[in-house]
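Undergrad: can't give you the sequence, but here's the structure:
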Ligand SMILES: Nc1ncnc2c1ncn2[C@@H]1O[C@H](COP(=O)(O)OP(=O)(O)OP(=O)(O)O)[C@@H](O)[C@H]1O
């Protein structure tokens, strides 16, 4: 149904905003399940998770995988974390696009001096279970924060809260606007709600991260080899229906295609599919779906009747 990315400086009221939004959604007419995914789910020590780039990347990876597993057409997932890196929000947006759902960003806009003060106050509340950021980590996170910009697809639509000025309530304008956007029933005239559409690069099931590029490379190479081999057997004659095995579509090309052209198409396909991730993670797929996608792509690109 939808993915909501909460974003803001450390200690800017994001968790409060996530809770208010979740409650407001539950009270709305929408019957969708609402779930918050946040750092506490993984019982990680906050200051260790942001202690260095590797730990921070790991935390983002864990959260992203959980979002990836959880997003669906029947629920509303709220990601409550800093989500302060532009490229990371882009990755979350790609997950929403791959699922074909609504997406929005809820931004807690609080000046860093207030966030700092709230964090200091929280340092004194340790016994209540609230964990404050160490000063050094807090300052580093504040410095690296990349403010959302509604002109970016992955920051849009952007709903802005001003927790220091106006507090955070279920009735805050930004919360009401977000609820309305997320739950609005669509008809043919609805232009203001965007359901993201999966593209060739975002369809299918997922590769494991470590193997994905290798698998994609190998799968596309196998398809290319099959074409080269079939063409050499056909001695330049017409070639329709090159079979790659059970469950895979046939390759249908009505003219002879040289190796340079095949290589170029393969490179373009790899680039296209690789665009879904800024952290180097290739597109979701397994070997068979990579082959299927590549064959679909080739059949379309080489279709002389199109
Ligand atoms: N509008 C507000 N007025 C005063 N204090 C606030 C306000 N909003 C949040 N706080 C305080 O700031 C602290 C952090 O709030 P919260 O956990 O919602 O922020 P957060 O952005 O999720 O923090 P973190 O970055 O640690 O996840 C809490 O101790 C809370 O009481």
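TA: Right, received. Where do you want to start? It should be emphasised that the depicted structure is a prediction, and the values quoted were computed from it without experimental measurement.

Undergrad: wouldn't residue 133 be in contact with residue 119 here?
TA: Yes. In this structure, residue 133 is within contact of residue 119 by Cβ atoms under 8 Å, at 5.6 Å. Any C-beta I mention is one placed from the backbone N, CA and C, and that applies to glycine too.

Undergrad: list residues touching both of these two?
TA: Residues touching both residue 133 and residue 119 by Cβ atoms under 8 Å, 6 or more residues apart in numbering: 10-11.

Undergrad: Can you tell me the element whichever residue of the stretch 101-250 of the chain sits closest to the ligand falls in?
TA: Distances between the stretch 101-250 of the chain and the ligand by Cβ to the nearest ligand atom are smallest at residue 118, namely 3.6 Å. When secondary structure is defined by DSSP states H and E, residue 118 falls within helix 112-123.

Undergrad: Now do the buried residues in that helix.
TA: 112, 114-116, 118-119 (16 or more other Cβ atoms under 10 Å).

Undergrad: Tell me the gap between that helix and the middle of its chain.
TA: Here the centre of helix 112-123 is set off from its chain's centre by 30 Å, with Cα atoms, centre = their mean, to the nearest Å.

Undergrad: Can you name every helix or strand that that helix contacts?
TA: Here helix 112-123 touches helix 135-144, going by 3 or more Cβ pairs under 8 Å, 6 or more residues apart in numbering; DSSP states H and E.

Undergrad: at 10 Å what do you get?
TA: Packed against helix 112-123 by the contact rule (3 or more Cβ pairs under 10 Å, 6 or more residues apart in numbering; DSSP states H and E) you find helix 135-144, helix 163-166.

Undergrad: Which residues does the longest one contact?
TA: In other words, helix 135-144. Residues outside helix 135-144 that contact it (Cβ atoms under 10 Å, 6 or more residues apart in numbering) are 9-12, 46-52, 56, 82, 84-85, 112, 115-116, 119-120, 123, 132-134.

Undergrad: Following element in sequence after it, please.
TA: Immediately after helix 135-144, counting by DSSP H and E, sits strand 158-161.

Undergrad: Near the ligand, which residues of the stretch 51-200 of the chain? Just list them.
TA: In this structure, the stretch 51-200 of the chain approaches the ligand at residues 118, 122, 130, 163-164, 167-168, judged by Cβ under 6 Å from any ligand atom.

Undergrad: one step back: need the helices and strands packed on helix 112-123 in CSV (columns: mean neighbour count and mean pLDDT).
TA: Written out in CSV, the entries for the helices and strands packed on helix 112-123 read as follows (neighbours: other Cβ atoms under 10 Å; pLDDT from 0 to 100):
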stretch, mean neighbour count, mean pLDDT
helix 135-144, 15, 97
helix 163-166, 15, 96
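
Undergrad: Give me the outermost residue of this structure relative to its centroid.
TA: Taking Cα atoms, centre = their mean as the measure, the residue most remote from the mean C-alpha position of the chain is residue 235, 45.8 Å away.

Undergrad: That one: what's it in contact with?
TA: Going by Cβ under 10 Å, 6+ apart, residue 235 touches residue 256.

Undergrad: From start to finish, how long is stretch 92-107 in a straight line?
TA: Counting by Cα to Cα, to the nearest Å, the length from the leading to the trailing residue of stretch 92-107 is 15 Å.

Undergrad: Where does pLDDT dip in this structure?
TA: Low-confidence segments of the chain (pLDDT under 70): 125-129, 188-190, 199-212, 236-239, 274-285, 303-306.

Undergrad: Could you point out the longest helix of it?
TA: Within the chain, and with DSSP state H defining each element, the longest helix by residue count is helix 212-234.

Undergrad: circling back: generate a PyMOL selection restricted to the buried subset of the contacts of helix 135-144.
TA: Buried residues within the contacts of helix 135-144, by 16+ other Cβ under 10 Å, are selected in PyMOL with:
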select buried, resi 9+10+11+12+46+49+50+56+82+84+85+112+115+116+119+132+133
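
Undergrad: Domain ranges for this structure, per the record?
TA: Per the record, the chain has its domains at 2-202, 210-304, by the TED database.

Undergrad: now, of the ones you listed, which is deepest in the fold?
TA: domain 2-202 (a mean of 17; mean count of other Cβ atoms under 10 Å).
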